[in-house]
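**Q** pasting the sequence and the predicted coordinates here, then a few questions.
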Amino acid sequence: MKIVDQPDNYRKVHEKPIPLMGGYAIFLSSLLSFCFVFYFQKSLFKTEVIDPQFWSLLVGAIIILITGAYDDLHDMKPRHKALMQAFVASLLYMMGFAINKVSIPYVGTVDFTMISYPITIFWFMGCMNVINLLDGLDGLASGVSLFAVITLTVSAANSGNTTILVLNLIVAAAILAFLIFNFNPASIFLGDSGAMLLGYYIATISLISNHKAETALTLAIPFIAIGLPVFDTIVAFLRRWSRRVPISSADRKHIHHVLLNSGLSTKSVVLILYAICIIFSSVSYLLILKRDGVAMIFLSIILIIAFLYAKRFGIINTEQILKRIKEDHYGNKHSSKVHVELEKALHQFEDAQSLAELWQVSLPVFQEMKLDQVIFVSEQNQEKLHWKNDLTPTNTKPEDIVDQWSISLKVFKDQNLYGKLEISMTAEDTHLRDIFSQVNSLREAIANHITRITQQKENASTEHAAQSD
């Protein structure tokens, strides 16, 4: 059926096609085990294990599994996959899986009732995607998920919640059985279906615990337990954002890629990351024991070490992030001023009766855009209109190492060519795409009004000729 992961000689480290059926194995084994528990629930536990929420959990799992399976076969677009995830999260929200309150150490209980829906959607989508993004080495995503579920199992046992305990044990056993075949060298992969399913399990089980527990602190336990993929996802987002590349694009700067590039074997890298997961799970266990202060100290130390490591090996580039922030701040501020002048010019164009008047109205826009010079060459009579910025340039670099660019744009409407705009500028912090967008708006307006002025003159000439006759 070609449900396999092909090697790509870039991000993937396996050398031959590997089946992507792990999600199906985990789902079916969990479902069969759960049906067994359902059948023997009264005789085994002397209690009702099943409630209506579990049926919605099952329906959501099936939808996620199908979505991931389609993605494995056809490479679903990220926005379509996100829509399916949001749909499942919305379905479960309506069935009572909602984040209404969260207890934060030293802060107290925070009420999220007014924004419960978006917070819940973000939680579901976050858990599903952080596990999916970490699925880059044999046994990595499944192992991290196993540690998270074990942490939730300990939490359920500590709270005496038999329902969640049984469910966690089932999922943990299914992951552990799969991990035997998924650990390096893997004979089967999770695929997007399996990775999203595990994230879905973690998100859902956490909310069941959160809903039934007296304190909402249970939500912090899985969040910290999956601290490794959460940290890796956050720095990946910042890394791609700062470089202005799509957030969904792939790269080789994830933590496991950096460790592999240092010369470690795949198995060694996975074991190191397992050890990190055990540390995060231990911090979660401290929260289970209500030792919030000690947990926060350990968590702070871990995050500082992780940040220094990420900065040292190029996983995150703080200089690039600060540069992006500075560029966006300057760009937004500068663009706002340009748009004000552009709106004024577009309004004043309505009263212009000649090309010369259109040109005079455009000059403040050129000035605010900080262009060096603009030349308009008329197609009709080769008339040349010229504007040059006489202000002293702010760039202090020598002229021979300052970037400069020029662009030539034809001014036309329909099949009528009126001339061309020649623009040049010394490169600063403004991006070419912003300048082009603004100049293009001005060009289209000039073309439209030249057409209007030309038609008015033609109409006036026709009327004058008719009166003469």
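**A** Perfect, I can see it now.
**Q** got the domain boundaries for the chain?
**A** If you go by automatic domain parsing, the domain ranges for the chain are 4-316, 353-461.
**Q** mean neighbour count, those domains: which tops it?
**A** domain 4-316 (a mean of 18; mean count of other C-beta atoms under 10 Å). Placement of C-beta: from N, CA and C, glycine included.
**Q** how long is that one end to end?
**A** This stretch, domain 4-316, spans 32 Å end to end (C-alpha to C-alpha, to the nearest Å).
**Q** tell me the first helix or strand C-terminal of the helix or strand that contains Asp232.
**A** For Asp232, the host element (DSSP states H and E) is helix 227-242. Following helix 227-242 in sequence order, the next helix or strand is helix 255-261 (DSSP H and E).
**Q** all strands for this structure, in order.
**A** Per DSSP state E, the chain carries strands over the ranges 4-5, 18-19, 101-104, 108-111, 373-378, 384-388, 404-413, 416-426.
**Q** pull the contacting residues for the closest residue to Val88 other than its chain neighbours.
**A** Distances taken as C-beta to C-beta, 6 or more residues apart in numbering place Gly60 nearest to Val88, at 4.6 Å, with adjacent residues excluded. Applying C-beta atoms under 8 Å, 6 or more residues apart in numbering, we find Gly60 in contact with Val88, Leu91, Leu92, Tyr200, Thr204.
**Q** among the residues you listed, which lie within helices?
**A** Val88, Leu91, Leu92, Tyr200, Thr204 (DSSP state H).
**Q** closest to Gly263 out of those residues?
**A** Ranked by distance to Gly263 (C-beta to C-beta), the ones in helices among the contacts of Gly60 are led by Tyr200 at 35.6 Å.
**Q** from Ser265, how far off is the closest residue in space to that closest one that isn't next to it in sequence?
**A** Closest residue in space to Tyr200, ignoring its immediate chain neighbours: Ile64 at 4.9 Å, by C-beta to C-beta, 6+ apart. Distance, Ile64 to Ser265, by C-beta to C-beta, to the nearest Å: 33 Å.
**Q** cool, and Leu421?
**A** 59 Å.
**Q** again with Met21
**A** Counting by C-beta to C-beta, the gap from Met21 to Ser265 is 25 Å.
**Q** cool, Ala25 as well?
**A** 26 Å.
**Q** same thing with Tyr285?
**A** 30 Å.
**Q** repeat for Leu65
**A** From Leu65 to Ser265 the distance is 32 Å (C-beta to C-beta).
**Q** returning to that earlier point: send the alpha carbons of the helix holding Asp232 over as CSV?
**A** Extracted C-alpha coordinates of helix 227-242, given in CSV (Å, rounded to 0.1, in the frame of the first residue of the first chain):
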residue,chain,number,x,y,z
GLY,A,227,9.3,19.5,28.3
LEU,A,228,11.9,18.2,25.7
PRO,A,229,9.6,18.4,22.6
VAL,A,230,8.0,21.6,24.0
PHE,A,231,11.4,23.2,24.2
ASP,A,232,12.5,21.9,20.8
THR,A,233,9.3,23.2,19.2
ILE,A,234,9.5,26.6,20.7
VAL,A,235,13.1,27.1,19.6
ALA,A,236,12.2,25.7,16.1
PHE,A,237,9.4,28.3,15.9
LEU,A,238,11.7,31.2,16.9
ARG,A,239,14.5,29.9,14.6
ARG,A,240,12.3,29.8,11.5
TRP,A,241,10.4,33.0,12.4
SER,A,242,13.6,34.9,12.8
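**Q** how about Ala306, nearest residue that isn't a chain neighbour?
**A** Nearest to Ala306 is Phe231, by C-beta to C-beta, 6+ apart, at 5.6 Å.
**Q** wait, what's in contact with the one you found?
**A** Ile255, Leu303, Ala306, Ala310.
**Q** surely Ser29 and Ile175 touch.
**A** No. Applying C-beta atoms under 8 Å, one finds Ser29 not in contact with Ile175, separated by 9.4 Å.
**Q** quick one: contacts for Glu379?
**A** Leu417, Tyr418, Gly419, Lys420.
**Q** how close does the third one get to Glu350?
**A** Translated: Gly419. From Gly419 over to Glu350 (counting by C-beta to C-beta), the distance is 21 Å.
**Q** for Lys290, grab phi and psi.
**A** The phi and psi torsions at Lys290 (degrees, to the nearest 10) take the values phi 70, psi 20.
**Q** mind checking pLDDT for it?
**A** Here the pLDDT value assigned to Lys290 is 73.
**Q** for Asn332, same thing?
**A** pLDDT, Asn332: 63.
**Q** that older thread, could you dump the strands of the chain into JSON lines and include mean pLDDT and distance to Asp138?
**A** Shown next, in JSON lines, are these (pLDDT from 0 to 100; distance: least, C-beta to C-beta, whole Å):
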{"stretch": "strand 4-5", "mean pLDDT": "80", "distance to Asp138": "11"}
{"stretch": "strand 18-19", "mean pLDDT": "86", "distance to Asp138": "9"}
{"stretch": "strand 101-104", "mean pLDDT": "68", "distance to Asp138": "35"}
{"stretch": "strand 108-111", "mean pLDDT": "70", "distance to Asp138": "39"}
{"stretch": "strand 373-378", "mean pLDDT": "90", "distance to Asp138": "59"}
{"stretch": "strand 384-388", "mean pLDDT": "90", "distance to Asp138": "63"}
{"stretch": "strand 404-413", "mean pLDDT": "86", "distance to Asp138": "48"}
{"stretch": "strand 416-426", "mean pLDDT": "87", "distance to Asp138": "51"}
